[in-house]
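A.B. asks: Below are the sequence and a predicted model; questions follow.
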Amino acid sequence: MNKPLALLLLTACSQVALAAEAFTSPLPELPPNREVAVVEIAVPPGGGTGSPIHRHDAYVYVYVVEGTLELQLEGGDVHRVATGQVFIEEPDDVHVLTRNVSDTEPARFVAFMIKEAGAPLSTPVE
């Protein structure tokens with residue numbers, strides 16, 4: 001490799017910020033015809049998402065980008081999930097609570113869903 005190119009590559013690499021790994025998990029064994037949906041959701045101060053009790057029929061990985069949320073699945077404990085943390089739902093889980101714990105600051109999260117191709121993101125549960 002010539003010296004100018006090597007210097008350019010070295011300089012470029014030194015300019016890149018390294019990010020900490022937030023979460024790693026092996027993927028479940030998946031049937032064919034799956035897709036990934038990525039959804040960003042903002043939750044106002046003191047509020048919830050406004051969605052009824054629902055299920056996703058998907059593997060869902062919720063990454064909190066800003067704020068702290070309380071999340072709960074049917075029959076489970078309420079979990080506080082803060083910025084940089086991950087909450088996981090499985091296809092049979094029923095989601096009963098999403099609430100921003102702050103009365104003054106918004107919260108945002110990104111949900112990564114592995115679901116059947118073409119299936120809705122969520123289904124209400126009665």
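C.D. replies: Noted; the coordinates are in hand.
A.B. asks: Helix or strand: which one has the most centrally placed residue in the chain?
C.D. replies: The centre of the chain sits closest to residue 62, judged by Cα atoms, centre = their mean, with a distance of 2.3 Å. Residue 62 belongs to strand 59-66 when assigned by DSSP states H and E.
A.B. asks: Over to residue 51?
C.D. replies: Short version, using DSSP H and E: residue 51 is in no helix or strand.
A.B. asks: before we move on, what about residue 80?
C.D. replies: Residue 80 belongs to strand 78-82 when assigned by DSSP H and E.
A.B. asks: Run the chain-centre distance for that strand.
C.D. replies: 13 Å (Cα atoms, centre = their mean, to the nearest Å).
A.B. asks: Please apply the same query to stretch 85-101.
C.D. replies: Using Cα atoms, centre = their mean, the offset of stretch 85-101 from its chain centre is 10 Å.
A.B. asks: any idea of the mean pLDDT in stretch 64-84?
C.D. replies: Confidence for stretch 64-84, expressed as mean pLDDT, is 96.
A.B. asks: what does stretch 44-60 give?
C.D. replies: Rounded mean pLDDT across stretch 44-60 is 90.
A.B. asks: Using neighbour counts, pick out the buried residues of it.
C.D. replies: For stretch 44-60, a neighbour-count test (16 or more other Cβ atoms under 10 Å) marks 49, 54, 55, 56, 57, 58, 59, 60 as buried. The C-beta positions use only the backbone N, C-alpha and C, and glycine is treated the same way.
A.B. asks: what's the closest of those residues to residue 30?
C.D. replies: residue 59 (8.2 Å; Cβ to Cβ).
A.B. asks: does that closest one really touch residue 89, like I thought?
C.D. replies: Yes. The pair residue 59 and residue 89 qualifies as a contact (Cβ atoms under 8 Å) at a distance of 7.3 Å.
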